[in-house]
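sequence unknown, structure follows:
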């Protein structure tokens, strides 16, 4: 598939905001664990800003942005419509939580609603791709697991950075535990990604060139698509990159998304510093952009059996 950068930015940014909000709700659901000042002046505003940026990024993918509201009308059958509803819901609950924090007391149901709405948004976003059964790379529960894990890792790194920024020179107690938690999440996400890549390499198309063209035969070879230039099908369902480029992007993903941040977090467990966590977060997000690009690029649409490649 051809990766759309607006969707890449949307899914990575919204996942980071979800991860941050998920941890905020999880830490406070049984009682006020984080200070009201930290929540109202830093954590919640940052999460809302990132959610807004992700929403803006999603509009660049629309042919007619003024009709975006119509996307919610098919919520009974469409995961995309459900996502269109879930994202504003998360944003609204973030604002509600902000005002409750300012009032001095956040009811348990607010944190619970924020927690559930973020989980629902992850499910809706992942199901948009997971429900497409003819794209075998996406049609698997690992798609949802990967979205949630990477959202938690990016959100956890952001939360750790915000903690250090808020406390200034004095490193708060428990930072080593936060670094350890993020390290474990990254380790799990890395192993899941390696398993997904191995699975995708072993996939075989359920159709073949004979079934795609309707021509019976065992040794069919396509030499021409019937036209000299490209078309919508050849533009939108091919990533047009060489195998060498794909291999190099995989190396970037491994280094930037997982290995690099894990090394920095390992040092932060004993002596956490703002520079280490900031570099880890920047590396991780750059890697996330590459990972999400690869998520779309490695999806092999069945129509490619017919159109093959444009030389």
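Nice, thanks for sending it over. Everything numeric in this text was worked out from a predicted model, so none of it was measured.

Name the nearest residue to residue 40, ignoring sequence neighbours.
residue 101 (4.7 Å; C-beta to C-beta, 6 or more residues apart in numbering). Placement of C-beta: from N, CA and C, glycine included.

host element of that neighbour?
Using DSSP states H and E, residue 101 falls within helix 79-103.

Do I have it right that residue 280 meets residue 260?
Yes: between residue 280 and residue 260 there is a contact under C-beta atoms under 8 Å: 7.2 Å.

These two: which is more packed in?
Using other C-beta atoms under 10 Å as the criterion, residue 280 and residue 260 rank with residue 280 on top: 25 against 19.

Could you list the low-pLDDT ranges of this structure?
Counting by pLDDT under 70, the chain contains low-confidence ranges at 1, 65-66, 169-174, 212, 222-231, 233, 236, 305-311.

Could you chop it up by domain?
1-131, 170-217+228-311 (automatic domain parsing).

Using a markdown table, please lay out those domains together with distance to residue 155.
Formatted as a markdown table, those follow (distance: least, C-beta to C-beta, whole Å):
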| stretch | distance to residue 155 |
| --- | --- |
| domain 1-131 | 2 |
| domain 170-217+228-311 | 10 |
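
most neighbours per residue, which of those domains?
Mean neighbour count (mean count of other C-beta atoms under 10 Å) peaks for domain 1-131 among these, with a mean of 17.

Now do it: distance to the chain's middle.
In terms of C-alpha atoms, centre = their mean, to the nearest Å, the centre of domain 1-131 is found 12 Å from the chain centre.

cool, and stretch 276-289?
On C-alpha atoms, centre = their mean, the centre of stretch 276-289 falls 14 Å from that of its chain.

quick revisit: pretty sure the residue nearest to residue 40 is touching residue 35, no?
No: here residue 101 lies out of contact with residue 35, judged by C-beta under 8 Å, at a distance of 9.6 Å.

Need the residues that contact the helix or strand harbouring residue 48.
Element membership for residue 48, per DSSP H and E: helix 44-59. For helix 44-59, contacts defined as C-beta atoms under 8 Å, 6 or more residues apart in numbering pick out 6-7, 9-11, 13-14, 16-17, 20-21, 24, 65, 68, 87, 90-91, 94-95, 97-98, 101, 158, 162.

Report the inter-axis angle for it versus helix 79-103.
Here helix 44-59 runs at an angle of 160 degrees relative to helix 79-103 (axes from the mean of the first three to the mean of the last three C-alpha atoms, to 10 degrees).

follow-up on the earlier one: run through who's touching the helix holding residue 101.
14, 17-18, 21, 36, 39-40, 44-45, 47-48, 51-52, 54-55, 68, 71-75, 106-107, 110-111, 113-114, 117-118, 120-121, 124-125, 127-128, 131.

Nearest residue to residue 297 in space, please, no chain neighbours.
Closest residue to residue 297 apart from its sequence neighbours, by C-beta to C-beta, 6+ apart: residue 239 at 4.0 Å.
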